[in-house]
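# with the sequence up front, the predicted model follows.
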Amino acid sequence: KETPTVPAPTDPAAKRAYELDRAHVFHSWSAQGALDPMVVTRAEGSYVWDGEGNKYLDFSSQLVNTNIGHQHPKVVAAIKAQADKLCTISPSYANDARSEAARLVVERAPEGLNKVFFTNGGAEAVENAVRMARLHTGRQKVLSTYRSYHGATTTAINLTGDPRRWANEFGNAGFVHFFGPFLYRSPFHATTEAEESARALEHLEQILAFEGPGTVAAIILETVPGTAGIMPPPPGYLAGVRELCDRHGIIFIADEVMSGFGRTGAWFAVDHYDVTPDLITFAKGVNSGYVPLGGVIISDAIAATFDERVYPGGLTYSGHPLACAAAVGTIEAMAEEGIVEHAAEMGERVIGPRLREMAERHPVIGEVRGLGVFWALDLVVDRDTKEPLAPYGGSSPAIAELMGAAKTAGLLLFNNYHRIHVVPPCTISEAELEEGLAILDEVLSLADAHTTSGAVVTAS
Ligand code: PLP
């Protein structure tokens, strides 16, 4: 349950929005009776405003999607221009916004991936990537990691590793989970990154051997797992997965729905690891969610499968011109303004060093991980046992208190179980970062009180 820290709005329009919401809107991932949603009346750059006119710095980028910040003028102008010209056209026609968006996406993808299948979001991209892999290989099974999130539609939620899958399985077959590398909470009792990488690959090889590699259509991985904890893979791991896929004729799907389009300080996270997947799924940052859009970037070999054969998938709104125009505006603005490079610099020079410095003073911080504008604080009750500050799949009073205090102080954070993610827009300025990090530093002191050391450290 969200802690009601912000009073219900008093502005008449916001008050009406709140009341109608409570009466008629059925929210995602929520017990409807326990909701107290903040009414957002406007947003700009890194900030949003509530119904009382209070301003919040958004360190969550909503659901880690507003990579270019709110209301970027070039993206808004691109949507308006497209709306004046052509609001909708079915996927079977060609359209300039869609063609340009595909060119701009492919130009940034690894070599050998030259076609884009557009979707309306991330889960639908995952659904189609899996469908392509199954049709291309003639196999059924798909392997994914336990520490993952791939979306909420049937295939995507079954691939998802985290507890949100549990209520959604309904007896679906063909989904096999394995452990990816995660040195801090190593499933393999490794003590170095090299050991973690080698043991995780050995584990995957064993899973393949016991599942029968000839039955496996695809391995899907988030290049840098996001919602499950922002865990950059150790050197050699992704190259090892690529090699296993090549050896057994398995399709390698890199899910870049969260990690793509600047989030890690590169256009795609695979750019950091010198690995070429067969399929890349994307959404979120491609147009920052101004109009729903996602897609699959397809290797030449898989695309060729469907030169003669029909691809059996697509929705009425696939490749929607307003969404594609927003993507063109976004990608062009990101390139012109050096936004991806800015995200890399903010991570390296500001966010990483400041969070690591906080970890020296706050016993509640077990580990700091990340790159670009994609960082996680792994919060623990005890640094030696690494006992999480909230249980797997749940929350705790300490987390609720921290999140509530941050909101009251004007900072929106992304929280998943015992973790706080620092995932601001790629466009965030250094001054804005310092403003938010100072609040984070203060509220972490509240959480320190819940650790076994009980230390309360005041911000410097
Ligand atoms: N894949 C990853 C890696 C994600 O992080 C998400 C959403 O957070 C999805 C897929 C699902 O995307 P959507 O919510 O747009 O369907």
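The structure has been received and is ready for your questions.
# can you tell me the element the nearest residue to Phe175 once chain neighbours are set aside falls in?
Spatial nearest neighbour of Phe175, excluding adjacent residues (Cβ to Cβ, 6 or more residues apart in numbering): Asn158 at 4.5 Å. Every C-beta, even on glycine, is put in place using the N, C-alpha and C of the backbone. Using DSSP states H and E, Asn158 sits within helix 154-159.
# in the chain, which residue sits nearest the ligand?
Gly122 (2.2 Å; Cβ to the nearest ligand atom).
# get me the contact residues on the protein for the ligand.
Residues of the chain lying close to the ligand by Cβ under 6 Å from any ligand atom are 63, 121-123, 126, 149-151, 222, 226-227, 255, 257-258, 283, 294.
# mind giving me the ChimeraX command for buried ones among these?
Burial among those is assessed by 16 or more other Cβ atoms under 10 Å; the matching ChimeraX selection reads:
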select :121,122,123,126,149,150,151,222,226,227,255,257,258,283,294
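# which parts of the chain belong to which domain?
Domains of the chain are assigned by automatic domain parsing as 12-71+339-448, 73-336.
# and the first one, end to end?
End-to-end span of domain 12-71+339-448 (Cα to Cα, to the nearest Å): 40 Å.
# over to the longest one?
One end of domain 73-336 sits 13 Å from the other (Cα to Cα).
# how far is that domain from where the chain is centred?
Domain 73-336 sits 11 Å away from the centroid of its parent chain (Cα atoms, centre = their mean, to the nearest Å).
# check stretch 393-402 too.
With Cα atoms, centre = their mean, you get 21 Å for stretch 393-402.
# which residues are in contact with Asn114?
By Cβ atoms under 8 Å, 6 or more residues apart in numbering, the residues touching Asn114 are Val106, Ile298, Asp300, Ala303.
# next, the closest residue to the second one other than its chain neighbours: secondary structure please.
I take that to be Ile298. Of all residues not flanking Ile298 in the chain, Lys115 sits nearest, at 4.5 Å (Cβ to Cβ, 6+ apart). Following DSSP: H, G, I helix; E, B strand; the rest coil, Lys115 is assigned to strand.
# thought Lys115 was touching Ala301?
No. With contacts counted by Cβ atoms under 8 Å, Lys115 stays clear of Ala301, the gap being 11.1 Å.
# the two: who's more crowded?
Shown here are Lys115 and Ala301; by other Cβ atoms under 10 Å, Lys115 has more neighbours (18 against 12).
# next up, the contacts around that one.
If you count contacts by Cβ under 8 Å, 6+ apart, Lys115 has them with Ala102, Val106, Ile297, Ile298, Asp300, Ala303.
# report the contact partners of the residue nearest to Phe175.
Arg165, Asn168, Glu169, Asn172, Phe175.
# again with Gly313
So Gly313 contacts Phe117, Glu127, Asn128, Arg131 (Cβ under 8 Å, 6+ apart).
# could the residues you listed go into TSV alongside secondary structure, distance to Val380 and neighbour count?
Putting those into TSV (DSSP: H, G, I helix; E, B strand; the rest coil; distance: Cβ to Cβ, whole Å; neighbours: other Cβ atoms under 10 Å) gives the following:
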residue	secondary structure	distance to Val380	neighbour count
Phe117	strand	42	26
Glu127	helix	36	21
Asn128	helix	39	25
Arg131	helix	40	17
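# what two of the residues you listed have the greatest distance between them?
The distance between the two most remote of the contacts of Gly313 (Cβ to Cβ) is 10.8 Å, for Phe117 and Glu127.
# just to revisit the earlier point, for the contacts of Gly313, which one is nearest Leu377?
Glu127 (32.1 Å).
# hmm, back to that, quick check: the residue of the chain closest to the ligand touching Val257?
Yes. Contact criterion Cβ under 8 Å: Gly122 and Val257 qualify, at 3.6 Å.
# mutual contacts of these two, please.
Going by Cβ under 8 Å, 6+ apart, residues that sit against Gly122 and also against Val257 are His150, Gly151, Thr281, Phe282, Ala283, Lys284, Gly294.
# same list, the residues you listed, but as JSON lines with secondary structure and pLDDT please.
Output for the shared contacts of Gly122 and Val257, formatted as JSON lines (DSSP: H, G, I helix; E, B strand; the rest coil; pLDDT from 0 to 100):
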{"residue": "His150", "secondary structure": "coil", "pLDDT": "98"}
{"residue": "Gly151", "secondary structure": "coil", "pLDDT": "97"}
{"residue": "Thr281", "secondary structure": "strand", "pLDDT": "99"}
{"residue": "Phe282", "secondary structure": "strand", "pLDDT": "98"}
{"residue": "Ala283", "secondary structure": "coil", "pLDDT": "98"}
{"residue": "Lys284", "secondary structure": "helix", "pLDDT": "98"}
{"residue": "Gly294", "secondary structure": "strand", "pLDDT": "98"}
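# and which of these is nearest to Glu52?
Closest to Glu52, out of all of the shared contacts of Gly122 and Val257 and judged by Cβ to Cβ, is Lys284, at 28.9 Å.
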